[in-house]
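Q: please find the sequence and the predicted model below.
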Amino acid sequence: MVEVLQQIINGIAIGGVYVLIALGLTTVFGILGIAHFAHGSVSMFGGYLTFFFVTSWGFPLLLAILIALLVGLMLGVLIELLAYRPVRDANHINAFIVALGLTMMVEGINLELFGHEQVVIPTDFSRVFNFGGVTIPELRLYVILAAALLIAAMTVFVERTKTGQAIRAVAENRDAAILMGVNVKTIPLVVFAISTALGVCAGVMVGSLFAIAPGIGEGLVVKGFAVLILGGLGSIPGAVVGGLVLGITEALAAGFISSAYKDVIAFVVMISVLLFRPQGLMGKA
Amino acid sequence: MLNVSNLRVSYGAIEVIHGIDLQVNQGECVALIGANGAGKSSTLKAICGLVPATAGTIEFEGQDITNQSGHSIVKAGITMCPEGRQVFPQMTTLQNLKMGAYPRKDAEQAADVEEMMDMFPILRDRAGQAAGTLSGGEQEMLAIGRALMARPKLCIFDEPSLGLAPKIVAEVGETIARVKEMGKTILLVEQNSAMALRLADRAYLFEAGEIVLSGTGAELQSHPDVAKAYLGH
């Protein structure tokens, strides 16, 4: 039982990362209908940047994350303005190709700037807590808490603020949102800024919990889309539930079957869920 | 208040509005009537900034608003209750109403929500319900309430009775009459010409992208061509 709880805790930590990636993807998809494949690579860029500030310039971790977040916000705005906005009214295939090209470009930038070596963001969080036999490393606990805080902040932002409601309105009916006085040119900028900031946080979490290396971001974005489909496309609660289900399934599979097959098992569970609920766990039929 | 001069609208290479002129004065209810595809809704969309005008000018309270962005036109004081209601289906009734007040920055929005719920009691009962689950009539009341939440100077209704049961159509007519009594200026597009002309102080008849007749509501009601083609007399 303790071992199961242990794996569930591990799963919640990685699940939290998946949720943050999926939240970024779902808001972008909801507003622009774009499968923003570069999101994972951009997240890794944030992780690399944090690593660089901490190891090369000796910045404290929190300051490094804050600067990476600010860079992420600006990068998000630039991606929307320069990459996606020009193809906004074109055929969907154009945005699809731009997304793929952007992924290769950001991966290339990461490789050029930060090299091909695997890096781990160093932290001082080395304590291990023990709750009745279940051990939780300090870093993992902070990742879980930070992910929970970001998810709560995102939910409050979307549900309780005027800008959050405008984002929902544009996602549900763009023309009606214009008639309400929503500036539909500004909203995508806000969405990309938020999405990228969430991605940077996820990148920092991956970089400190595991490692950052070329190709990790691309794998992460595939998991992010899997979470969206599992939870229900366009649903924030769906992204949360989907991310946690995927993370916990992976951890249980790695702990009790084989870590080599954890992705296979996670995707088998996902396909099984979709066979019975094609709309996803929280999606509407 | 609203002055449209020589307005032309095209979709691609096809021109659908061929240089129309129309005016709406403060406090008036002006109806645009005509067959489906005559250009009424395209005119409204050009006024609201949803489609570009290829020629002509649209002035509102003396300011040129031609081809301005939709959100700045709403800020200027024009709101539209669109064809097909277009409520935000996954948002609650209350959230939809609050979205109507999006351009406002004053502190009286909560009081206005209460006023709308007094005006449309069914919306109070449905406040927490997803708008997409409301009946067509309820959605129309919500769309009207949502439009009024902006405290517009000019309120545009695009086919408010479309797809509704006859009893609900009558209710919609009464509601627009109440909005008129509130002192709002109204521009109404309606295929139910009898209802539109009853409500309107003045009206314009559209045919194939042109205005072919204009006058008071009563004048158009008694015009033989209108009576025959649009009122079934």
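A: Okay, I see it. Numbers count the residues shown, from 1 in each chain, chains lettered A, B, ... in the order given.
Q: now residue A:71: closest residue in space that isn't a chain neighbour?
A: residue A:49 (6.0 Å; C-beta to C-beta, 6 or more residues apart in numbering or on different chains). C-beta: built from backbone N, CA, C; applies to glycine.
Q: for chain A, what are the nearby residues on chain B?
A: B:48-50, B:69-71, B:74-75, B:79-80, B:82, B:86-91, B:95, B:98-100, B:102-103, B:146-147, B:150 (C-beta under 8 Å from any C-beta of the partner chain).
Q: let's see which of the residues you listed end up in strands.
A: Here DSSP state E is the test, and the residues of chain B next to chain A give B:79-80 as lying in strands.
Q: from the residues of chain B next to chain A, list just the buried residues.
A: B:48-50, B:70-71, B:74-75, B:79-80, B:82, B:86-91, B:95, B:98-100, B:102-103, B:146-147, B:150 (16 or more other C-beta atoms under 10 Å in any protein chain shown).
Q: what about those, which are in helices?
A: Among these, DSSP state H puts B:48, B:70-71, B:74-75, B:95, B:98-100, B:146-147 in helices.
Q: part of a helix, is residue B:16?
A: No - Residue B:16 sits outside any helix when classified using DSSP: H, G, I helix; E, B strand; the rest coil, being strand.
Q: show me the strands in chain A, by range?
A: Counting by DSSP E, the strands of chain A are A:128-131, A:134-137.
Q: and the first one, how far out from the chain middle?
A: In terms of C-alpha atoms, centre = their mean, to the nearest Å, the gap separating the centre of strand A:128-131 from the centre of its chain is 27 Å.
Q: residues in contact with that strand?
A: A:135-138, A:141 (C-beta atoms under 8 Å, 6 or more residues apart in numbering or on different chains).
Q: so which elements touch the host helix or strand of residue B:56?
A: Using DSSP states H and E, residue B:56 sits in strand B:53-60. The helices and strands touching strand B:53-60, judged by 3 or more C-beta pairs under 8 Å, 6 or more residues apart in numbering or on different chains; DSSP states H and E, are strand B:2-11, strand B:14-24, helix B:40-48.
Q: between the ones you listed, which one is nearest to residue A:31?
A: helix B:40-48 (21.1 Å; C-beta to C-beta).
Q: what's the angle from the closest one to strand B:14-24?
A: 70 degrees (axes from the mean of the first three to the mean of the last three C-alpha atoms, to 10 degrees).
Q: and helix B:40-48, C-alpha only, in PDB?
A: Taking C-alpha atoms only, helix B:40-48 is exported to PDB below (Å, rounded to 0.1, in the frame of the first residue of the first chain):
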ATOM      1  CA  LYS B  40     -30.300  44.000 -44.200                       C
ATOM      2  CA  SER B  41     -28.000  42.000 -42.000                       C
ATOM      3  CA  SER B  42     -24.900  42.900 -44.100                       C
ATOM      4  CA  THR B  43     -25.700  46.600 -43.500                       C
ATOM      5  CA  LEU B  44     -25.900  45.900 -39.700                       C
ATOM      6  CA  LYS B  45     -22.600  44.000 -39.800                       C
ATOM      7  CA  ALA B  46     -20.900  46.900 -41.600                       C
ATOM      8  CA  ILE B  47     -22.300  49.300 -39.000                       C
ATOM      9  CA  CYS B  48     -20.900  47.100 -36.100                       C
END
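Q: what separates that helix from the chain centre, distance-wise?
A: With C-alpha atoms, centre = their mean, you get 10 Å for helix B:40-48.
Q: residues in contact with the nearest residue to residue B:73 once chain neighbours are set aside?
A: In this structure, residue B:73 finds its nearest non-sequential neighbour in residue B:49, 4.6 Å apart by C-beta to C-beta, 6+ apart. Residue B:49 is in contact with A:178, B:65, B:67-70, B:72-73, counting by C-beta under 8 Å, 6+ apart.
Q: mind listing what's buried in the longest helix along chain A?
A: Looking across chain A with DSSP H, the single longest helix is helix A:2-32. Neighbour-count burial for helix A:2-32, counted by 16+ other C-beta under 10 Å, picks out A:6-32.
Q: part of a helix, is residue B:212?
A: No - counting by three-state DSSP, residue B:212 is not found in a helix; it is strand.
Q: let me see the contact set for the spatially closest residue to it that is not a sequence neighbour.
A: Among residues not flanking residue B:212 along the chain, residue B:205 sits closest, at 5.4 Å (C-beta to C-beta, 6+ apart). Residues in contact with residue B:205 (C-beta under 8 Å, 6+ apart) are B:33-34, B:211-214, B:220, B:226, B:230.
Q: ok, 6 Å please
A: B:33-34, B:212-213 (C-beta atoms under 6 Å, 6 or more residues apart in numbering or on different chains).
Q: top of the residues you listed by neighbour count?
A: residue B:33 (28 neighbours; other C-beta atoms under 10 Å in any protein chain shown).
Q: who does it bridge with?
A: Assessed by DSSP bridges, residue B:33 has beta-bridge partners residue B:205.
Q: number of nearby residues for residue B:5?
A: By the criterion of other C-beta under 10 Å, residue B:5 has 15 neighbours.
Q: isn't residue B:120 up against residue B:141?
A: Yes - with contact defined as C-beta atoms under 6 Å, residue B:120 reaches residue B:141; the gap is 4.3 Å.
Q: more neighbours: which of those two?
A: Comparing residue B:120 with residue B:141 by other C-beta under 10 Å, the one with more neighbours is residue B:141, at 25 against 22.
Q: where does the more buried one land in three-state SS?
A: Quick answer, by three-state DSSP: residue B:141 is helix.
Q: how near is it to residue B:33?
A: Residue B:141 sits 23 Å away from residue B:33, going by C-beta to C-beta, to the nearest Å.
Q: okay if I get the helices and strands packed on strand B:53-60 as a markdown table plus distance to residue A:146 and mean pLDDT?
A: Putting the helices and strands packed on strand B:53-60 into a markdown table (distance: least, C-beta to C-beta, whole Å; pLDDT from 0 to 100) gives the following:
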| stretch | distance to residue A:146 | mean pLDDT |
| --- | --- | --- |
| strand B:2-11 | 50 | 94 |
| strand B:14-24 | 54 | 93 |
| helix B:40-48 | 44 | 93 |
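Q: what would the ones you listed look like in a markdown table with distance to residue A:131?
A: A markdown table is the format used below for those (distance: least, C-beta to C-beta, whole Å):
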| stretch | distance to residue A:131 |
| --- | --- |
| strand B:2-11 | 65 |
| strand B:14-24 | 69 |
| helix B:40-48 | 59 |
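Q: just those: most buried one?
A: The highest mean neighbour count among the helices and strands packed on strand B:53-60, using mean count of other C-beta atoms under 10 Å in any protein chain shown, belongs to helix B:40-48: a mean of 24.
Q: picking that back up, give me the sheet partners of the strand holding residue B:56 and which way each runs.
A: strand B:2-11 (antiparallel), strand B:63-64 (antiparallel).
Q: and it, which residues are buried?
A: By neighbour count on 16+ other C-beta under 10 Å, the buried set for strand B:53-60 is B:53, B:56, B:58, B:60.
Q: tell me the mean pLDDT over it?
A: For strand B:53-60, the mean pLDDT works out to 95.
Q: residue B:121 - how many residues pack around it?
A: Residue B:121: 10 surrounding residues under other C-beta under 10 Å.
Q: how close does the residue lying closest to residue A:109 once chain neighbours are set aside get to chain B?
A: Distances taken as C-beta to C-beta, 6+ apart place residue A:45 nearest to residue A:109, at 7.0 Å, with adjacent residues excluded. Here residue A:45 is placed at a distance of 33 Å from chain B (C-beta to the nearest C-beta, to the nearest Å).
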